[in-house]
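In: Please work out how this folds:
(one chain, ligands or ions: 1)
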Amino acid sequence: MSGEFDEGEKLIAIPAPSRCDRDVRPQWKCFCCCDGGLVDNPYLSQLVSGKNGKPFICQRLDCKAGEKYRNAYFATDAQRQDYAQKHGGEVMTQQEYQAQWDIRLTVAHCEQMHLWHKRQWDAWAQERSKQLNYGQSISNLTQQISMQIEEKC
Ligand SMILES: [Zn+2]
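Out: Alright, predicted model coming up:
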């Protein structure tokens, strides 16, 4: 017995579900980036052609998660060195950091995707609450049952 694994014993990766693909209505403040700071919604493909490019930083003005990325994106080299000295970690130059992200989306793009995505969830939640609305019939049923029992007594 050797301590090494055979090729055949390797695990097969299970694809992770998308963060935006949940079955309960999410409580995001920003439906453009799902509060993650990087644009992540089904409508991005309507504005951007091509896939698996650099992640887009969320540009919505009142998006706190996006703001963190925007601040980091525009931090100068001096600010980066300062930050690394205080908090540790590798120092990246502004150029290296900026090369990782795409900031070409505008405030208007992100606001539009936020509205589209939010509206989709609102419609879904409304549809779902209609489907789950058994409250009325159940209370009628219990009323009928208790009436039948009273008659028998
Ligand atoms: Zn956002």
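In: C-alpha from now on. contacts and neighbour counts both.
Out: Fine.
In: helix, strand or coil for the residue nearest the centre of the chain?
Out: Geometric centre of the chain, nearest residue: C34, 3.2 Å, by C-alpha atoms, centre = their mean. Classification of C34 using DSSP: H, G, I helix; E, B strand; the rest coil returns coil.
In: Let's see the pLDDT reported for the residue lying closest to it once chain neighbours are set aside.
Out: Leaving aside its sequence neighbours, C34 sits nearest to W28 (C-alpha to C-alpha, 6 or more residues apart in numbering; 5.7 Å). pLDDT, W28: 94.
In: likewise the one 10 residues further on?
Out: In this model, L38 is scored at 97, pLDDT.
In: if I look at it, how far off is Q126?
Out: Going from L38 to Q126 by C-alpha to C-alpha, to the nearest Å gives 27 Å.
In: Settle it for me: which of those two has more neighbours?
Out: L38 (20 against 11; other C-alpha atoms under 10 Å).
In: Quick one: distance of stretch 64-83 to the chain centre.
Out: 22 Å (C-alpha atoms, centre = their mean, to the nearest Å).
In: So for the single nearest residue of the chain relative to the ion, what's the nearest residue that isn't a sequence neighbour?
Out: At 4.2 Å from the ion, C33 is the closest residue in the chain, using C-alpha to the ion. Excluding the flanking residues, the one nearest C33 by C-alpha to C-alpha, 6+ apart is V39, at 4.1 Å.
In: re earlier: I'd say the residue nearest to the centre of the chain and D40 touch.
Out: Yes - between C34 and D40 a contact is recorded at 6.5 Å, counting by C-alpha atoms under 8 Å.
In: List the buried residues in stretch 69-80.
Out: 69-70, 73, 75, 80 (16 or more other C-alpha atoms under 10 Å).
In: Could you tell me the average pLDDT over that stretch, please?
Out: 95.
In: Can I get stretch 60-72 as CSV, trimmed to CA atoms?
Out: What follows is stretch 60-72, C-alpha atoms only, in CSV (Å, rounded to 0.1, in the frame of the first residue of the first chain):
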residue,chain,number,x,y,z
ARG,A,60,-24.7,51.5,-7.9
LEU,A,61,-24.2,54.6,-5.8
ASP,A,62,-25.8,53.3,-2.6
CYS,A,63,-24.2,49.8,-2.9
LYS,A,64,-21.8,49.4,0.1
ALA,A,65,-20.3,46.2,-1.2
GLY,A,66,-19.6,47.8,-4.6
GLU,A,67,-18.2,50.8,-2.9
LYS,A,68,-15.5,48.7,-1.1
TYR,A,69,-14.3,47.3,-4.5
ARG,A,70,-14.4,50.8,-6.0
ASN,A,71,-12.3,52.2,-3.2
ALA,A,72,-9.8,49.4,-3.5
